[in-house]
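Engineer: Sequence and predicted structure below; questions after.
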Amino acid sequence: MNAARWALGFLVATSGFGACGDGDGDARDTRDGLDGMDTLEATDTQVTDGDVPDVTDSDDVQDVDTVEPLPGAGIPWPGWDAGTVYFVIVDRFLDGKPSNNTSYGRQPDGEGEVATFHGGDLVGLTQKVEEGYFLGLGVSAIWITAPYEQVHGWVVASGKRHYAYHGYYPLDFTRTDANFGTDDELGAFVDAAHAQGIRVVLDVVMNHAGYATTADLSAYGVDVLKPGWENATPANLYDLIDFQSPNFAAWWGPKWVRAEIGGGYPAPDASDLKKTVDYLPDFLTESTATDIGLPVFYANKADTRAVARPTYTVRQYLIEWLTTWVSTYGIDGFRCDTAKHVELAAWKDLSVAADAALASWRAANPDKRFPDSDYADPTKPFWMTGEVFPHGVVKDAYFDNGFDSLINFDFQNAALAALDDPKAIDGTWATYADKLNADKGFDVLSYLSSHDTSLFFERAAQKNVDKQKRAGTLLLLTPGGVQIFYGDENGRTYAGITDGSHQTRSDMVWGANPGLLEHWQKLGLFRKRHPAVGRGAHAKLADAPYTFKRTLPDDQVLVVLGASGATTVDVAGVFSDGATVRDAYSGTTAVVAAGKVVFTALTAGAPLLLERAP
């Protein structure tokens, strides 16, 4: 994707973009701050495919002479409200292009590489899309960390160098960060995902900019560095920056952010909307001031694509920049970071502009767009979810201000409580199904692991593969949308990292625990084939073994958890006598007689996933 394509996206994003109309989120308030971090241990430094073969990585998965479709291909779009979203930290997933690993002068620290760049990129991500890895998991959308340009230098975390590998320290919203890839490589990733029916979601920030790093202050003419800054170490970095210098006005500028530094910046306060989360400069998204110009340092950043708009507020600039990714590439959704720290009106404005941007992209790309039938309202095709810690399954004002979904922070504990007794999840599932089915404008995204909390396999399952299988069963049979965090499916661990802000972001380990991956694949594909799993009416049928059904008018499934040996299942009211029923987990079939079928669980405790045989 070249500058011309981005410019076209800009034109689409800004056409008809008027005054902003009518959020609240605590993201955890632990977003990689500068204090309160523990010492950490060494970990791997480069994300690559290992020598141990992944069950989907063998040479015969997608040989050019193979005529068989990829596993999972051709399954219709299940809808966001029954979908499976795969969240990946791009830098930690797969290094497909080692030549971009030290972009902008970023370097390894030689001290464990816990918070440095590891090499994962869009080329590696696209490779896995094309191999069918995500299709095989039943993934319907891929949520990636922000692709736009991050601060170039490092700050200090636990006495070590901390780079913006996670995408939460933005520098320039109009450029693709070179460590992640190029414009063309981002376009290739989106196109490859779309070709398989998979949607693409970007992680976006409207709350804050990235920290001031010596690399950026030097490169862009902000004269606040003291002699010797070129040789700064984590021990003395902050002694070499004059944070109270009036010259800091030449950074973002006091019309753009509030911050506790010199240069006349507005001061933050303790409120959710005007605090500086972990001391990150807080965008003045509430300001009505116009004719503010571009961020001051952009005058010295020759490659920015930002254009001065005399009538724009800070909010309008940010919305234009974010939605240009939509109008340029056909991005399908946003996951909105630190949502409670931005006004609800700002999120509403972003949603409206993103709907318009995606509608424009669809009109301009009839050969690439998804069919109108995939949308509840084709004139409002864009999807937004958000992080509002510690939000649960509750509909509130966020859903009236641009959000289609919110991340559900309650499910992690509910899954832990049911890990050894699956019927203990029934009340949770029944509540979710009742609430979500009663209101088609209400949805949540439930998860086991996240970058801000913990990895379920390490903390809750205690690295026990059987427990992680059961956890995957609980997640992938949960009503509403669900989120897989990269490595949930193959047992990714903290890899020895003890720093709570980075231990959940260890490298993907390819080829680990193939039996665990196969289990998640079977559940994921069953879920994707059957919208009733995510959006059907839920009814418990038996306690021992725990049996339930999910039903929609045109889709019905029945599931048994905890079966052992030959199991007689009463399927009356779900499958009629004479119907052939298939267990999607074992692949075996049985014919219904007198309202019952008999199946033998593939292994003791393996789920029975009953569906009408094709």
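Structural biologist: The structure has been received and is ready for your questions.

Engineer: Report how many residues lie close to P614.
Structural biologist: P614: 7 surrounding residues under other CB atoms under 10 Å. Placement of C-beta: from N, CA and C, glycine included.

Engineer: scratch that, A73 is what I was asking about
Structural biologist: Neighbours around A73, by other CB under 10 Å: 12.

Engineer: residues touching it, list them.
Structural biologist: By CB atoms under 8 Å, 6 or more residues apart in numbering, A73 lies in contact with 132, 135, 196.

Engineer: and it, what pLDDT?
Structural biologist: Among the per-residue scores, A73 holds a pLDDT of 96.

Engineer: would you say it is within a strand?
Structural biologist: No: using DSSP: H, G, I helix; E, B strand; the rest coil, the assignment for A73 is coil, not a strand.

Engineer: how near is it to G132?
Structural biologist: Using CB to CB, to the nearest Å, A73 is found at 7 Å from G132.

Engineer: Quick one: classify the nearest residue to T379 once chain neighbours are set aside as helix, strand or coil.
Structural biologist: Using CB to CB, 6 or more residues apart in numbering and skipping the chain neighbours, the partner closest in space to T379 is A359 (6.2 Å). Under three-state DSSP, A359 falls in the helix class.

Engineer: going forward, begin numbering at 14 instead of 1
Structural biologist: From this message on, residue numbering opens at 14, which makes the last subject A372.

Engineer: How many neighbouring residues does A372 have?
Structural biologist: By the measure other CB under 10 Å, the count of residues near A372 is 20.

Engineer: my guess is V127 is in a strand, correct?
Structural biologist: No: V127: not assigned to a strand; according to three-state DSSP it is coil.

Engineer: Report how many residues lie close to it.
Structural biologist: 29.

Engineer: residue boundaries of the helices in the stretch 364-513 of the chain?
Structural biologist: Assigned by DSSP state H, counting those that start in this stretch, the helices in the stretch 364-513 of the chain fall at 424-430, 439-450, 469-472, 478-489.

Engineer: so how far is stretch 522-531 off the chain centroid?
Structural biologist: Chain-centre distance of stretch 522-531: 21 Å, with CA atoms, centre = their mean, to the nearest Å.

Engineer: Rounded mean pLDDT for that stretch, please.
Structural biologist: 97.

Engineer: Show me what counts as buried in that stretch.
Structural biologist: Within stretch 522-531, the residues scored as buried using 16 or more other CB atoms under 10 Å are 522-523, 525-526, 529-531.

Engineer: distance between the ends of that stretch?
Structural biologist: End-to-end span of stretch 522-531 (CA to CA, to the nearest Å): 15 Å.

Engineer: any idea how this protein splits into domains?
Structural biologist: What the record gives for the chain is the domain set 36-222+394-542, 550-625, from automatic domain parsing.

Engineer: Out of those domains, which gets nearest to T298?
Structural biologist: Evaluated with CB to CB, the domains of the chain place domain 36-222+394-542 nearest to T298, the distance being 6.0 Å.

Engineer: ok, N450 - contacts?
Structural biologist: Applying CB under 8 Å, 6+ apart to N450 gives the contacts 492, 548-550.

Engineer: Could you list which of the residues you listed belong to strands?
Structural biologist: Using DSSP state E, A550 are the members of the contacts of N450 that sit in strands.

Engineer: Go through the contacts of N450 and say which is closest to W338.
Structural biologist: Nearest to W338 among the contacts of N450: R548, at 28.9 Å, using CB to CB.

Engineer: Check the closest residue to the closest one other than its chain neighbours and give its pLDDT.
Structural biologist: Leaving aside its chain neighbours, R548 sits nearest to A95 (4.5 Å; criterion: CB to CB, 6+ apart). For A95, the pLDDT comes out at 97.

Engineer: dump the residue contacts of A95.
Structural biologist: Residues near A95 by CB under 8 Å, 6+ apart: 493-494, 540, 544, 546-548.

Engineer: Also V594?
Structural biologist: The neighbourhood of V594, defined by CB under 8 Å, 6+ apart, consists of 584, 588, 602-605, 610, 623-626.

Engineer: List only buried entries from these.
Structural biologist: Those of the contacts of V594 that meet the buried threshold are 584, 588, 603, 605, 610, 623-625, by 16+ other CB under 10 Å.

Engineer: Sort out for me which of the residues you listed are in strands.
Structural biologist: Per DSSP E, these map to strands at 603, 610, 623-625.

Engineer: Can you tell me which of the residues you listed is closest to F261?
Structural biologist: Using CB to CB, those come closest to F261 at E624, 61.7 Å.

Engineer: Settle this for me: that closest one is touching T593, isn't it.
Structural biologist: No: using CB atoms under 8 Å, E624 is not in contact with T593, being 10.3 Å away.

Engineer: among the contacts of A86, who's most crowded?
Structural biologist: Going by other CB under 10 Å, L148 tops the contacts of A86 with 27 neighbours.

Engineer: Show the contacting residues for that residue.
Structural biologist: Counting by CB under 8 Å, 6+ apart, L148 touches 83-86, 209, 211.

Engineer: And for A545?
Structural biologist: Per CB under 8 Å, 6+ apart, neighbours of A545: 563-565, 568-570.

Engineer: okay, those residues in a markdown table with secondary structure and pLDDT next?
Structural biologist: Below are the contacts of A545 laid out as a markdown table (DSSP: H, G, I helix; E, B strand; the rest coil; pLDDT from 0 to 100):
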| residue | secondary structure | pLDDT |
| --- | --- | --- |
| R563 | strand | 98 |
| T564 | strand | 98 |
| L565 | strand | 98 |
| D568 | strand | 98 |
| Q569 | strand | 98 |
| V570 | strand | 98 |
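
Engineer: now for the helices of the stretch 364-513 of the chain, which one comes closest to I102?
Structural biologist: Nearest of those (CB to CB): helix 469-472, 16.0 Å.

Engineer: Extract the CA atoms of the closest one and return them as CSV.
Structural biologist: Taking C-alpha atoms only, helix 469-472 is exported to CSV below (Å, rounded to 0.1, in the frame of the first residue of the first chain):
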residue,chain,number,x,y,z
PHE,A,469,-5.1,-19.0,32.1
PHE,A,470,-2.8,-21.9,31.3
GLU,A,471,-0.1,-20.7,33.6
ARG,A,472,-2.1,-19.2,36.5
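
Engineer: need the strands for the stretch 414-563 of the chain, in chain order.
Structural biologist: 419-421, 457-460, 494-498, 550-556, 559-565 (DSSP state E, counting those that start in this stretch).

Engineer: Take those and lay them out in TSV including distance to G234 and mean neighbour count.
Structural biologist: As requested, the strands of the stretch 414-563 of the chain are exported to TSV (distance: least, CB to CB, whole Å; neighbours: other CB atoms under 10 Å):
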stretch	distance to G234	mean neighbour count
strand 419-421	39	26
strand 457-460	42	25
strand 494-498	40	26
strand 550-556	60	15
strand 559-565	60	21
